[in-house]
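Student: Okay, predicted coordinates and the sequence, questions at the end:
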Amino acid sequence: MDYQHKEYSFHDLKYISSSEAPSLDIPSLEVDGFYMPKDGGAYMIFSTHPKKNKTVVCPNCKSTNTVFSGYSRTRLVHDVTRNFNRVDILVKPQLCRCNECDNRFLMPVEGIIENRQMTTRLYEYLKKECFLQPHTTLASLSGFSVETIQNIMDEEIEVFEEKRRNHPIEAPRVLGIDEKHIVHTMRGTLVDVESGVLIDMLENNKAETMKNGIKCLANWDRNIKVVTTDMNNAYISWLEKLLPNATIVIDKFHVIQDIQRKINETLPILYRYRKQMIKDISDSKEKARQAAILDIVKVNKYLFKYSTERIVRDNNKAAQLATVMNEFREFAFLRNLYAIVEEMYNKATREEAEKVWEAWEQYLPPIGKKQYKDWCDTYDFKEELFKPFQSFSHTSFMRFKPFILKYFNEGCRFTNAATEGLNNNIERMNRAGNGYTFHHLRAKALYAPTLIDHTVYSFNISSIKEEKPTITCGCMINGYSHSANTYTIIYKYSFSSYFERIKLNPINIYESNDFIESLFVPATDNDIPFISFKGFDNTEPMDA
């Protein structure tokens, strides 16, 4: 975004009397005048001079035997904004001379940083906000360049990194590992899954970089008991060697995501196949009825990807899905390829989950050409319908099945939901900055949460208590004189403020919910040996 630059001179400003001017609130400065633009621009400027300081220390010899020797060139100092108005301060610094070493120097002004054209409070503001706001926004608010904001941030990053080096972060019990394509490269991320805190954002996701990132954590070899990750062979290979005593769990979010991806590929194939079949129907009424039901699929593709819990909250959605499943068996088969895995994740024990998983294997289309043809003949499907699920069967089962099922081990029901959420936050930061270096983006992701105040302020109205009225005689109340014979009641109120510190915990959207299992009942149709919705098994197809 291009910002318009407006430069004013004193001819463009109007003087505001001291009674109408706001307080500068810098005790070391005496305000000579307050000005604002005649054109109504959002700008304020204070003309000031430093108050005389009786004791001035010479920076050269540290002597206090100094004298005033005139004024230096006027400085323009930037201050924090007020009511969306940029604020600048004109300061005419005093020159001092040391009688001991004859050194001439500028008298320091409390509240203004000597080597920067800014007040101390603006500097403190920028030190924090450079981690929380886009640098271009801060540059426009403060009057400095983006490079100046980045320099301030670099100084603060070094302070944080020094603390990190001296006090390494304790390794978590449950470590989440993932990656995100940011600033032209895949970046590895390490997350404490239980607390939802980002531990580190690494320069890349190569094995050595990721391993070194873990080894930088204190007690990494003893603390880490569970590692959650996605379906990445490279990660699992070195994790098994680096953390032989930890349980590696494939995140169920990625399992569900892979199934949804295959559903996205399969749905258009099924739709085109069924649409062609409807065209060949001679009965016009039956043709219109089936076409209307097929339109449900066209408009509501999400019905085949949403969780059952989400669908059954809306009777209309559940009825639509039941209608499509009862009418078109290939769509029922597709939905149940998703629903049976969803049901598996609601099982209480690993043994129960393995039975569901093994039953699901029988319904997945195999890889081999002959085997796939036999599978199509068994379920009476055309060969082109479920080809996308062939690759899913191969990649998931050959390598990842043991790690997927470890989710059901005792104490291992963790997902990468917190890791995925933090990755999305990093991506949003990057988009907002539009040009951050990896160095600055990593610092924002790591240290911004430590600077955010999670305090919520509110006022408890019930805390206002009316006290007994006080009767006064012949006193001045609210600027009016009252005679001795007039009684005025003064109500006194006491106020108490209330605040609470809120800890924001990550929400696990895949948290186990046993009641979902009760939504399923075995289907009675032998052609579809899966699951159908309770209460919708006998639902008549919706009218066209």
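Tutor: Yes, it's here. These numbers were taken from a predicted model, which means no experiment stands behind them.

Student: residue contacts, residue 51?
Tutor: 27-30 (Cβ atoms under 8 Å, 6 or more residues apart in numbering). In this view, the C-beta of every residue, glycine as well, is placed from N, C-alpha and C.

Student: My guess is residue 171 contacts residue 213. True?
Tutor: No: applying Cβ atoms under 8 Å, one finds residue 171 not in contact with residue 213, separated by 10.9 Å.

Student: so where is the stretch 301-450 of the chain shaky, pLDDT-wise?
Tutor: Residue ranges of the stretch 301-450 of the chain with pLDDT under 70: 392-398, 433-435.

Student: Ok, the chain next?
Tutor: 1-4, 54, 392-398, 433-435, 454, 463-544.

Student: okay, which residue is most central for it?
Tutor: Nearest residue to the geometric centre of the chain (Cα atoms, centre = their mean): residue 425, 3.5 Å.

Student: pretty sure that residue is touching residue 448, no?
Tutor: No: if you go by Cβ under 8 Å, residue 425 and residue 448 don't touch, sitting 9.1 Å apart.

Student: can you give me phi and psi for the closest residue to residue 399 other than its chain neighbours?
Tutor: Leaving out its chain neighbours, the residue that sits closest to residue 399 by Cβ to Cβ, 6 or more residues apart in numbering is residue 233, at 6.2 Å. Torsion angles at residue 233 (phi, psi; degrees, to the nearest 10) stand at phi -60, psi -40.

Student: which residues of the stretch 51-200 of the chain fall in helices?
Tutor: Per DSSP state H, counting those that start in this stretch, the stretch 51-200 of the chain carries helices over the ranges 120-129, 135-142, 146-166.

Student: Let's have the ones you listed in JSON lines, adding distance to residue 239 and mean neighbour count.
Tutor: What follows is the helices of the stretch 51-200 of the chain, written out as JSON lines (distance: least, Cβ to Cβ, whole Å; neighbours: other Cβ atoms under 10 Å):
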{"stretch": "helix 120-129", "distance to residue 239": "37", "mean neighbour count": "17"}
{"stretch": "helix 135-142", "distance to residue 239": "37", "mean neighbour count": "19"}
{"stretch": "helix 146-166", "distance to residue 239": "24", "mean neighbour count": "14"}
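
Student: export the ones you listed to CSV and tack on distance to residue 452?
Tutor: Formatted as CSV, those follow (distance: least, Cβ to Cβ, whole Å):
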stretch, distance to residue 452
helix 120-129, 9
helix 135-142, 16
helix 146-166, 15
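
Student: out of those helices, nearest to residue 36?
Tutor: Shortest separation from residue 36 across these is recorded for helix 135-142, at 17.6 Å, computed as Cβ to Cβ.

Student: just how off-centre is the closest one within its chain?
Tutor: On the basis of Cα atoms, centre = their mean, to the nearest Å, helix 135-142 sits 22 Å off its chain's mean C-alpha point.

Student: ok, now stretch 250-266?
Tutor: Centre-to-centre, stretch 250-266 and its host chain are 23 Å apart (Cα atoms, centre = their mean).

Student: What lies in contact with it?
Tutor: Counting by Cβ under 8 Å, 6+ apart, 228-231, 301, 304-305, 334, 337-338, 341-342, 345, 385-386, 388-389, 392, 396, 400, 403-404, 406-407, 415-417, 419-420, 510 sit against stretch 250-266.

Student: same thing but 6 Å
Tutor: 228, 230-231, 304-305, 334, 338, 345, 388-389, 392, 400, 403-404, 407, 415-416, 510 (Cβ atoms under 6 Å, 6 or more residues apart in numbering).

Student: Now that stretch: buried residues?
Tutor: The neighbour-count check on stretch 250-266 (16 or more other Cβ atoms under 10 Å) flags 250-256, 258-259, 262-263, 266 as buried.

Student: Please identify which of those residues is nearest to residue 74.
Tutor: Using Cβ to Cβ, residue 253 comes nearest to residue 74 of those, at 60.7 Å.

Student: Go ahead and list the helix or strand containing the closest one.
Tutor: Using DSSP states H and E, residue 253 sits in helix 252-279.

Student: which element follows that helix toward the C-terminus?
Tutor: Trace forward from helix 252-279 with DSSP H and E and the next one is helix 284-299.

Student: what angle separates that following helix from helix 252-279?
Tutor: Counting by axes from the mean of the first three to the mean of the last three Cα atoms, to 10 degrees, helix 284-299 points 160 degrees away from the direction of helix 252-279.

Student: what comes up buried for the next helix or strand after helix 284-299?
Tutor: Going down the chain from helix 284-299, the next helix or strand is helix 308-312, by DSSP H and E. Within helix 308-312, the residues scored as buried using 16+ other Cβ under 10 Å are 308, 311-312.

Student: tell me what helix 308-312 is packed against?
Tutor: Packing partners of helix 308-312 (3 or more Cβ pairs under 6 Å, 6 or more residues apart in numbering; DSSP states H and E): helix 315-327.

Student: and the helix it packs on, what does it pack onto?
Tutor: Looks like helix 315-327 contacts helix 284-299, helix 308-312 (3+ Cβ pairs under 6 Å, 6+ apart).

Student: Please repeat the previous calculation with a cut-off of 10 Å.
Tutor: Secondary-structure packing of helix 315-327 (3 or more Cβ pairs under 10 Å, 6 or more residues apart in numbering; DSSP states H and E): helix 284-299, helix 308-312, helix 329-344, strand 531-533.

Student: who touches the first one?
Tutor: Helix 284-299 is contacted from outside by 267-268, 270-271, 274-275, 277-281, 283, 303-304, 317, 319-321, 323-324, 326-328, 331, 334, 541-544, using Cβ atoms under 10 Å, 6 or more residues apart in numbering.

Student: Name the residues of it that are buried.
Tutor: For helix 284-299, by 16+ other Cβ under 10 Å, it's 289-290, 293-294, 296-297.

Student: and it, C-alpha only, in PDB?
Tutor: Provided in PDB are the C-alpha atoms of helix 284-299 (Å, rounded to 0.1, in the frame of the first residue of the first chain):
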ATOM      1  CA  SER A 284     -40.100 -38.900 -17.600                       C
ATOM      2  CA  LYS A 285     -41.400 -38.800 -14.000                       C
ATOM      3  CA  GLU A 286     -38.800 -41.200 -12.800                       C
ATOM      4  CA  LYS A 287     -36.100 -39.400 -14.800                       C
ATOM      5  CA  ALA A 288     -37.100 -36.000 -13.200                       C
ATOM      6  CA  ARG A 289     -37.200 -37.600  -9.700                       C
ATOM      7  CA  GLN A 290     -33.700 -39.100  -9.900                       C
ATOM      8  CA  ALA A 291     -32.300 -35.900 -11.500                       C
ATOM      9  CA  ALA A 292     -33.700 -33.900  -8.600                       C
ATOM     10  CA  ILE A 293     -31.900 -36.200  -6.100                       C
ATOM     11  CA  LEU A 294     -28.700 -36.100  -8.100                       C
ATOM     12  CA  ASP A 295     -28.900 -32.300  -7.900                       C
ATOM     13  CA  ILE A 296     -28.500 -32.600  -4.100                       C
ATOM     14  CA  VAL A 297     -25.000 -34.100  -4.800                       C
ATOM     15  CA  LYS A 298     -24.100 -31.200  -7.100                       C
ATOM     16  CA  VAL A 299     -25.200 -28.500  -4.700                       C
END
